[in-house]
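Enquirer: Curious how this folds, go ahead:
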Amino acid sequence: MGKMRSGAACVAVASVILVGGCGGSDTDDVSDEDQIVAVIEQYNTAVADKDGPTACSLLTPTAQNTAAKKHGYLGSGGVKATEREATCEDGITNRYLGEEPIFQKMKFAKVDSVEVRGEEAQAKVHPEGFAAETAHLVLEDDDWKLEKPLPPIGWG
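Expert: Here you go, the predicted model:
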């Protein structure tokens, strides 16, 4: 009986090794379009939840700077220019002060279409109750990043 168990164990281990060794990474099987939709959905959820670190991680460095400069010093919770330099996270949090109900709808925004051209892409994003806007993305170090913070001024 002991020999049957060890034989079955060898077959199980061999199966795991064979299955584990086949194919590439998980992202190799995901299309650019699916990755772009995921980035936009993650960003929208992070903004709605005021999760600045996550939202900023999905932006290019230029977009992070834009968020900090345009919105980091605004609102009652904003950073005073004399205290320290505003960060992207400050910009994400401060941009939406007093407008939480509007930006909660970002979680439910739909990506209507995605067009990829090499390392650049555009996606039509349609938040509930607002007109569709175009999101611009670029491929940086194998990750799709938003070229400017969403939502555009027209959303809020």
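Enquirer: any chance you could map the helices in this structure?
Expert: For the chain, the helices defined by DSSP state H cover 2-21, 32-48, 52-57, 61-71, 88-95, 100-104.
Enquirer: mean confidence for the fourth one?
Expert: I take that to be helix 61-71. Throughout helix 61-71, pLDDT has a mean value of 85.
Enquirer: In stretch 135-150, which of the residues would be classed as buried?
Expert: Using 16 or more other Cβ atoms under 10 Å as the test for burial, stretch 135-150 gives 135, 137-139, 144-147, 149-150. C-beta coordinates here come from the backbone N, C-alpha and C atoms, glycine included.
Enquirer: which stretches of the protein have low pLDDT?
Expert: 1-28, 72-84, 96-101, 151-156 (pLDDT under 70).
Enquirer: so who does the closest residue to R95 other than its chain neighbours touch?
Expert: Distances taken as Cβ to Cβ, 6 or more residues apart in numbering put H71 closest to R95, at 4.0 Å, once the chain neighbours are dropped. Shown here is H71, whose contacts under the criterion Cβ atoms under 8 Å, 6 or more residues apart in numbering are 78, 86, 90-92, 94-95, 149.
Enquirer: which of these has the most neighbours?
Expert: Looking at those with neighbours defined as other Cβ atoms under 10 Å, the largest count falls to G91 at 29 neighbours.
Enquirer: which one is it nearest to, not counting chain neighbours?
Expert: Leaving out its chain neighbours, the residue that sits closest to G91 by Cβ to Cβ, 6+ apart is A67, at 3.4 Å.
Enquirer: What about the one you found, how many residues nearby?
Expert: A67 has 26 neighbours, counted by other Cβ under 10 Å.
Enquirer: Many thanks, I have nothing further to ask.
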